[in-house]
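Colleague: What follows is a predicted protein model with its sequence.
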Amino acid sequence: MKRIFSILCMFSILLCPSLVGAQERIYSPGELDRFKSSLVDKRIVIEAKYRYAVSSSPPYINLLNHRGKFYFILSAGKGRNYSRDRDDAGTSLTPKKSNVRLTGRFIQNKGQFKQLPRGLVFIMDSMKALPDDVPLFKTRMDALLKSNPKDFNGLRTIAQAAKDWAKRYTVAGLDDFAKTCFRKALEIQSKGIEETDVAKQLELVKDYVVLVGDKGEAISRLNKLFHLSITPAEKLAVTKLLKDWGAYYYRKKWVNYADLKIQLGFRRRGEKWVTKERAEFLDEISGNRSVRNTFLAPSTDLLSRANSGEAAKGQSRNMIVNMASGSGRMGFPKYVDRVVVQTKSEKRVYVQWIFPGKHRFYFVNGQLFTWHRGSPPYPEK
């Protein structure tokens, strides 16, 4: 009888409108440790990863990375449901993987509720399964862009929440989403800033570096600012920031180091910058290293094809030198490059021959394996 009376008292306290705050917001488990003393009798929402449920008396739920317990003494039926790793709607939950939303309120138990521990306890009203990590935040971003496309502060809040979530639960791919969301927020924010408002423009480009990790975009925006009619002091501040971020003034334009190297004719391969000719050579080697090269022995057919101006796999360098070209012979190349690739099973010597404006030939161990005509395009990789 006393137990029934306690449960009824609990109902009256938890459902009393005067004790439930009008404000309802989403908290992380970590925030609860900092704010829970000020959240007594306020209805709140918690979003986190589900860990497990315990069907004790009273039953409770634990969330991942949180030591606290979330009791649900209002319904024994709910307790049995949760103990089978299911939410209110019966959706299956995977411990440590599934995202859930808990709603409820903190109460101060001073001993009036025997079935609960003393002190602050959280009474859960409901639990709902949420989408997977990236869809969870992407849905919010899309909804906000649809309902209020100018709300860049709202986007920043979603992006920061995604970033915190990724750090808390080590979620792959969510950091990239957070950067995408931050970028959208900054693009919207930039439309409301006057182009000559140097102070706000500087804060904006700093956010591009800190929040998005995009120095290229920041330098591009600073370059536009540098060429506007701004005060000498403002230009000095812009210049200092450009230099701090490794920008170079080249052909009357500030560019980052990567763009400078590209304009100078280099291409990035791995951790190195190489000439565009060497870049293509390395690409050809990369494509050939896993190929088992089988060539025909030098034959009259290969020689005949060279004499008629036709390149063919397996031709020797001497054949290429004497290959018919116009009214004469191909002759020797203007540029030569050589790379030796040594493995446990074999040694390959790659050679690149370049005839500017005409042909590029590629040999492995003295025999032609591929070739190109004309000057190549060099798309950045």
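Modeller: Looks like it came in fine. Bear in mind that the values here come from a model prediction, so they are computed numbers and not experimental data.

Colleague: Would you mind measuring the gap between the ends of stretch 125-141?
Modeller: 27 Å (CA to CA, to the nearest Å).

Colleague: what's that stretch in contact with?
Modeller: 14, 47, 61, 72, 74, 82, 87-89, 91, 93, 98-105, 155, 158-159, 161-162, 165-166, 169, 171, 173-174, 177-178, 181, 184 (CB atoms under 8 Å, 6 or more residues apart in numbering). To be clear about C-beta, it is placed using only N, CA and C from the backbone, and glycine gets the same treatment.

Colleague: Drop anything exposed from these.
Modeller: 14, 47, 61, 72, 74, 82, 87-88, 93, 98-102, 104-105, 155, 158-159, 161-162, 165-166, 169, 171, 174, 177-178, 181, 184 (16 or more other CB atoms under 10 Å).

Colleague: Sitting in strands, which of these do you find?
Modeller: Mapping those onto strands (DSSP state E) picks out 47, 61, 99-102, 104-105.

Colleague: Which two of the residues you listed have the greatest separation?
Modeller: Pairwise distances across these (CB to CB) peak at 21.3 Å, for the pair 99 and 105.

Colleague: Can you tell me which of the contacts of stretch 125-141 end up in helices?
Modeller: When DSSP state H defines the helices, the subset of these inside them is 14, 82, 155, 158-159, 161-162, 165-166, 169, 174, 177-178, 181, 184.

Colleague: tell me the domain ranges of this protein?
Modeller: Taking automatic domain parsing as the reference, the chain has its domains at 2-130, 135-259, 269-373.

Colleague: Mean pLDDT added to those domains, as TSV?
Modeller: TSV is the format used below for the domains of the chain (pLDDT from 0 to 100):
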stretch	mean pLDDT
domain 2-130	77
domain 135-259	95
domain 269-373	89
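
Colleague: ok, which stretches of the stretch 151-300 of the chain are strands?
Modeller: Assigned by DSSP state E, counting those that start in this stretch, the stretch 151-300 of the chain shows strands spanning 248-249, 254-255, 266-269, 272-275.

Colleague: of all those strands, which gets the most neighbours per residue?
Modeller: By mean neighbour count, with neighbours taken as mean count of other CB atoms under 10 Å, strand 254-255 ranks first of the strands of the stretch 151-300 of the chain at a mean of 22.

Colleague: so residue 340 bridges to which residues?
Modeller: Beta-bridge pairing for residue 340 (DSSP bridges): residue 349.

Colleague: Out of the ones in strands among the buried ones among the contacts of stretch 125-141, flag the one nearest to residue 26.
Modeller: Among those, and counting by CB to CB, the member closest to residue 26 is residue 47, at 5.5 Å.

Colleague: which residues does the closest residue in space to that closest one that isn't next to it in sequence form a beta bridge with?
Modeller: In this structure, residue 47 finds its nearest non-sequential neighbour in residue 101, 5.0 Å apart by CB to CB, 6 or more residues apart in numbering. Taking DSSP bridges, one obtains residue 47, residue 128 as the residues bridged to residue 101.

Colleague: Now for residue 113, how many residues are close by?
Modeller: Residues near residue 113, counting by other CB atoms under 10 Å, number 20.

Colleague: ok but it is inside a strand, no?
Modeller: No. Secondary structure assignment (DSSP: H, G, I helix; E, B strand; the rest coil) places residue 113 in coil, not in a strand.

Colleague: separation between it and residue 49?
Modeller: Distance, residue 113 to residue 49, using CB to CB, to the nearest Å: 28 Å.

Colleague: Distance to residue 366 added to the ones in strands among the buried ones among the contacts of stretch 125-141, as CSV?
Modeller: CSV is the format used below for those (distance: CB to CB, whole Å):
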residue, distance to residue 366
47, 65
61, 71
99, 61
100, 66
101, 68
102, 71
104, 77
105, 81
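
Colleague: from these, which is closest to residue 238?
Modeller: Closest approach between those and residue 238, by CB to CB: residue 47, at 41.3 Å.

Colleague: That closest one reaches residue 100, doesn't it?
Modeller: Yes. Residue 47 is in contact with residue 100 according to CB atoms under 8 Å; the separation is 7.3 Å.

Colleague: Would you mind measuring from the closest residue in space to residue 337 that isn't next to it in sequence to residue 230?
Modeller: Distance criterion CB to CB, 6+ apart; nearest residue to residue 337, sequence neighbours excluded, is residue 352 at 4.2 Å. Using CB to CB, residue 352 is found at 49 Å from residue 230.

Colleague: higher neighbour count, these two?
Modeller: Between residue 352 and residue 230, counted using other CB under 10 Å, residue 352 has the larger neighbour count: 21 against 18.

Colleague: Can you give the contact residues for the helix or strand that contains that one?
Modeller: Secondary structure from DSSP states H and E places residue 352 in strand 347-355. By CB under 8 Å, 6+ apart, the residues outside strand 347-355 that reach it are 277, 280-281, 284-285, 288-289, 317, 320, 330, 333-342, 359-366.

Colleague: Which of the residues you listed are buried, as a PyMOL select command?
Modeller: Buried residues within the contacts of strand 347-355, by 16+ other CB under 10 Å, are selected in PyMOL with:
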select buried, resi 277+280+281+284+285+288+317+320+330+333+337+359+360+361+362+363+364
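
Colleague: Tell me which of the contacts of strand 347-355 fall in helices.
Modeller: Among the contacts of strand 347-355, the ones falling in helices (DSSP H) are 277, 280-281, 284-285, 288, 317, 320.

Colleague: Could you export the residues you listed as TSV, including distance to residue 246?
Modeller: Putting these into TSV (distance: CB to CB, whole Å) gives the following:
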residue	distance to residue 246
277	26
280	27
281	28
284	32
285	31
288	36
317	43
320	43
